[in-house]
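# Have a look at this fold, sequence not included:
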């Protein structure tokens, strides 16, 4: 069953008075549990699609459906709710809060979801954080701050943080771009394991051929159009 659907989606930007098309009528569906790579050269529309799927932007025309909800005309409050409750984000630059330790970085989205940033999570939520720390291989480093961690360890924290609110969809923007090849492969293997264990839908915008090679669904873009949409059995 499709958890994401794009129907004839167009997105135009303006440079001064010049209209620049970023997407030219994109159509595709993504099923729950997919491990999908969105690939293509710079300027092909990858980042634009991630912004639409992350409810950071809205299309100029066409329809974007996220987990059964048409997002085009939603007010900002509802878009924020989708970002907090349905979608997790992993960035190539990690985007960790430097003053918070590993546990505090992971629990921060949970506190935002609860609407209270001053309290610590407890009970089942605390147990889930412990599970995530174990899952991403950071046991023993709970009190470390980002500047005390390697690049690969920081990305592991970012993965756990993205999963902390139990999102149905995780968007990953070039998640291995700032990692060496060995660490990048370890991070990809970790995300594939989480994809299998938790049935979380992972959507990558990437140039990394290693991610493309293990994806079970590939969408290739060129000049704002889909030139390949292939599911791999």
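Okay, I see it. None of these values were measured; they are calculated from a predicted model.

# After the lengthiest helix in the chain, which helix or strand is next?
Longest helix in the chain by number of residues (criterion: DSSP state H): helix 181-198. Using DSSP states H and E, the helix or strand that follows helix 181-198 in sequence is strand 201-205.

# can you list contacts of that next one?
With Cβ atoms under 8 Å, 6 or more residues apart in numbering as the contact definition, strand 201-205 has outside contacts at 3-4, 30-38, 46-47, 49-50, 53, 168-175, 191, 194-195, 211, 215. The way it works is simple: take the backbone N, C-alpha and C, and place the C-beta from them, glycine included.

# Distance from the chain centre to that strand, please.
6 Å (Cα atoms, centre = their mean, to the nearest Å).

# What of stretch 69-81?
18 Å.

# avg pLDDT for that stretch?
Regarding stretch 69-81, the rounded mean pLDDT is 92.

# Among the contacts of strand 201-205, name the buried ones.
3-4, 30, 33-38, 46-47, 49-50, 53, 168-175, 191, 194-195, 211, 215 (16 or more other Cβ atoms under 10 Å).

# out of the residues you listed, which are inside helices?
Using DSSP H, those in helices are 46-47, 49-50, 53, 191, 194-195, 211.

# where along this protein do the helices fall?
Using DSSP H, the helices of the chain run over 46-53, 76-85, 102-114, 123-135, 151-163, 181-198, 209-214.

# now, of the ones you listed, which is deepest in the fold?
Most buried of the helices of the chain, by mean neighbour count (mean count of other Cβ atoms under 10 Å): helix 151-163, with a mean of 24.

# hmm, who's touching the longest helix of the chain?
33, 35, 135-137, 150-152, 155-156, 159, 163, 166, 170, 172, 175-176, 179, 200-202, 208, 210-211, 214.

# again, but for stretch 91-105
Stretch 91-105 has contacts (Cβ under 8 Å, 6+ apart) with 108, 129, 133, 138, 141-147, 149, 151, 154-155, 157-158, 161, 173-178.

# export the ones in helices among the buried ones among the contacts of strand 201-205 to JSON lines and tack on distance to residue 14 and pLDDT?
Converted to JSON lines, these look like this (distance: Cβ to Cβ, whole Å; pLDDT from 0 to 100):
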{"residue": "46", "distance to residue 14": "20", "pLDDT": "93"}
{"residue": "47", "distance to residue 14": "17", "pLDDT": "90"}
{"residue": "49", "distance to residue 14": "19", "pLDDT": "95"}
{"residue": "50", "distance to residue 14": "20", "pLDDT": "94"}
{"residue": "53", "distance to residue 14": "22", "pLDDT": "96"}
{"residue": "191", "distance to residue 14": "36", "pLDDT": "90"}
{"residue": "194", "distance to residue 14": "39", "pLDDT": "90"}
{"residue": "195", "distance to residue 14": "38", "pLDDT": "92"}
{"residue": "211", "distance to residue 14": "32", "pLDDT": "89"}
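
# Tell me which two of those residues sit farthest apart.
Spatially, the most separated pair among those is 47 and 194, at 23.4 Å (Cβ to Cβ).
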